[in-house]
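[1] turn this into a structure:
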Amino acid sequence: MIVSTMDQFNAYFHQPTVHPMMAVGDLSRADLSLYDLLRFDMYCVVLMDADFGELVKAGSAIRYDAGTIFWLRPRQYIAMNLDYSVKPRGWMVVFKPELLERTGLGRDFYMFDFFNHDVNEALTLSSSERGIILNSFANIQAELLSKRDYLSDHMLRLGIGTLLSYCKRFFERQFEEDRVHNTNLKTQLDLLLDNYLSSGSSAQMGQPTVAWCATHFHLSPNYFGDLVKKELHITAQEYIQQRVISQAKHLLADTPMSIGEIAEELGFTYPTHFARMFRRKTGQSPQEFRKKH
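    Numbering: from 1, shown residues only. This is a model prediction of the structure:
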């Protein structure tokens, strides 16, 4: 099932449509069919205020504690395996991408990059943060139900911007805590990559990827990439390439392997691809590096 209009969304909550591009739903009043597999063609911010089941996305089931907030970007599918012994409780605000067009909120929307993260990277709220988020939902709902005037859409965008800004702030707080818990990220990543590159794995399975590294840290590629960039001040892809070039330098300087053999050992399909990357990263060809070392 695809939810592409506010009328479709509001039907799940047995409420009228008061705005064509956004709505707020109280999960305690929602029809249970809301939790079937659905695709939302709109941005969604969801506060699960009770532990009432497992969230299912991309074949993975995740159970959240009460007081967890997560988000969806348009055209993402989601479902829930309900725990029928617990009544759903929480809030859901949705808005169409069109609401952002030619507005200040649209101009600043790049800040809310958490929409690009996987759904399993949710935000666990403290009691005070939960109160702030609930207040943000309530303010948006109150504005939606108020008599419309020329400031209505402006106020609604401000309300959404405030809600997303708090999500950004609280997510950064959680992100920072995760970073502290991963203070040895560089050491762990270097060990992971060096073992892979020196073990012959790259010759059999190709070069290490961001997704492969993320799996070993039990993170999604997007979240892992953000963590690497924040901690190491470089993209995860660039850091992997640096380790590949470091291993290439070792093989060029300390072994009699040919350029083609080194390229194959490091997971390159063609030696020319290896030579091109090596020159781009070092300013010299593999042959020139070998002669100097």
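[2] going forward, measure contacts and count neighbours with C-alpha atoms only.
    Fine.
[3] how about the helices in the stretch 51-200 of the chain?
    In the stretch 51-200 of the chain, the helices defined using DSSP state H, counting those that start in this stretch lie at 104-107, 127-145, 152-181, 185-198.
[4] now the chain, which segments are flagged as low pLDDT?
    Applying pLDDT under 70 to the chain flags residues 58-59, 118-121, 175-183.
[5] residue closest to the middle of it?
    Taking Cα atoms, centre = their mean, the centroid of the chain lies closest to residue 117, which sits 0.8 Å from it.
[6] please name the nearest non-neighbouring residue to it.
    Closest residue in space to residue 117, ignoring its immediate chain neighbours: residue 222 at 5.6 Å, by Cα to Cα, 6 or more residues apart in numbering.
[7] look up how far residue 7 lies from residue 239.
    Per Cα to Cα, to the nearest Å, residue 239 is found 47 Å from residue 7.
[8] more neighbours: the two, which one.
    residue 239 (20 against 17; other Cα atoms under 10 Å).
[9] in stretch 90-108, which residues are buried?
    Buried residues in stretch 90-108, counted by 16 or more other Cα atoms under 10 Å: 90-96, 99-100, 105-106.
[10] closest to residue 152 out of those?
    Of all the buried residues of stretch 90-108, residue 99 has the smallest distance to residue 152: 12.6 Å, by Cα to Cα.
[11] wait, what's in contact with residue 43?
    Listed by Cα atoms under 8 Å, 6 or more residues apart in numbering, the contact set of residue 43 reads 71-74, 94-97.
[12] and it, backbone torsions?
    Phi and psi for residue 43, reported as degrees, to the nearest 10, are phi -80, psi 140.
[13] quick check: chain neighbours aside, which residue is closest to it?
    Nearest residue to residue 43 in three dimensions, chain neighbours excluded: residue 73, at 4.8 Å (Cα to Cα, 6+ apart).
[14] count the neighbours of that neighbour for me.
    Around residue 73 there are 21 residues (other Cα under 10 Å).
[15] distance of it from residue 44?
    Per Cα to Cα, residue 73 is found 7 Å from residue 44.
[16] and stretch 262-276, how far out from the chain's middle?
    Using Cα atoms, centre = their mean, to the nearest Å, the mean C-alpha position of stretch 262-276 is found 31 Å from that of the whole chain.
[17] need the residues that contact it.
    For stretch 262-276, the external contacting residues (Cα under 8 Å, 6+ apart) are 197, 200, 202-207, 244, 248, 251-252, 259-260, 285-286.
[18] ok, of the residues you listed, which come out buried?
    For those, buried by 16+ other Cα under 10 Å: 197, 202-203, 206-207, 244, 248, 251-252, 259-260, 285-286.
[19] taking these one by one, which sit in helices?
    Secondary structure defined by DSSP state H assigns 197, 202-203, 244, 248, 251-252, 259-260, 286 of the buried ones among the contacts of stretch 262-276 to helices.
[20] the closest residue to residue 76 other than its chain neighbours: neighbour count?
    Spatial nearest neighbour of residue 76, chain neighbours left out: residue 39 (5.4 Å); criterion: Cα to Cα, 6+ apart. Residue 39 sits with 17 neighbouring residues when counted by other Cα under 10 Å.
[21] so residue 39 sits against residue 2, correct?
    Yes - if you go by Cα atoms under 8 Å, residue 39 and residue 2 touch, sitting 4.7 Å apart.
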